[in-house]
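> Show me the folded form of this:
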Amino acid sequence: MKPFLILQLRPEDEASDNEFSAFLEYGNLSEDKVHRIRMEKEGIPNIDLNEYSGIILGGGPSNISDKAEVKKDYEKRFEKELNQLFTQVFKKDFPFLGVCYGIGAINKFKGGVVSKEQYSEPVGTVEIELTDNSTDDDLMKELPAKFVAYCGHKEACQTIPNNAINLARSKGCPYQMIKFKNNIYATQFHTELDEEGILLRIEVYKNYGYFSPEDAEILIRKAKEYDVKVPIEILRNFVEKYRAI
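Next up, the predicted model:
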């Protein structure tokens, strides 16, 4: 089996390592079957897609819609490198799963509008509703029509291109999962998060403007109210579908 390329952008080691471990656990992957790149530290080297089964792009505190003058140098660097990689991904219709930051990055690359104007969602759980477009999709097979997922984002897709397929939505955000071509996916909600992961991120990011720091304990208590299991099936289905290539 060719390895999966896991791209990350979290500067905080604890959060980055937890995210990576979750991708391995819930994707049924072992460390020798992935190539991990922390883009914020090392950038993206030249990638030969023929060497990989697929790409998984994680989330983080960066916002694709932020103005250039407020972006850190490493954010500008990996955005440019991501766009170069996206060019290859779309040319080959290469298996790709973007999570949270990933949906904004790939939607903007294809001409969709991403901003903080509408559709942001607080840290916590949201109810996801599948659209009719998801019925015959391999990643969504046997999933319930509605399920709970962990979410939390300042920016969101305001529009998606005409050639994008909307697979899922929530009450507060119309574009929770989209698809391009046959093999290019992205979710606004997290496909890798479990209770341990969301509690860690609440602690790590409590001073990043997602919520008032004094609300952290409330968010932790609410996060424990739901057993969030369905989103990881999407991650697992993605890996299972493409691991044989």
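> nearest residue to residue 152 other than its sequence neighbours?
Residue nearest to residue 152 in three dimensions, not counting chain neighbours: residue 123, with 3.4 Å by Cβ to Cβ, 6 or more residues apart in numbering. Yep, even glycine has a C-beta here, placed from its N, CA and C like the rest.
> ok, which stretches of the protein are strands?
Remark: strands assigned in the chain by DSSP state E are 4-8, 34-38, 54-57, 96-99, 113-115, 121-130, 146-153, 156-159, 164-170, 177-180, 184-187.
> so what's residue 96 bridging to?
For residue 96, the beta-bridge partners under DSSP bridges are residue 55, residue 184.
> do the same with residue 36
residue 6.
> Quick one: residues contacting residue 99.
Shown in contact with residue 99 (Cβ atoms under 8 Å, 6 or more residues apart in numbering): 56-59, 186-187, 190-192.
> between those, which is nearest residue 107?
residue 186 (7.0 Å; Cβ to Cβ).
> Now do the contacts for the closest residue to residue 19 other than its chain neighbours.
Spatial nearest neighbour of residue 19, chain neighbours left out: residue 58 (5.2 Å); criterion: Cβ to Cβ, 6+ apart. By Cβ under 8 Å, 6+ apart, the residues touching residue 58 are 6-10, 19-20, 23, 99-102, 192.
> Quick one, which of the strands of the chain gets closest to residue 215.
That would be, of the strands of the chain and by Cβ to Cβ, strand 121-130, which comes in at 8.9 Å.
> related to what we said a few turns ago, figure out which of the strands of the chain is closest to residue 80.
Across these, residue 80 has its closest neighbour in strand 4-8 (13.9 Å, Cβ to Cβ).
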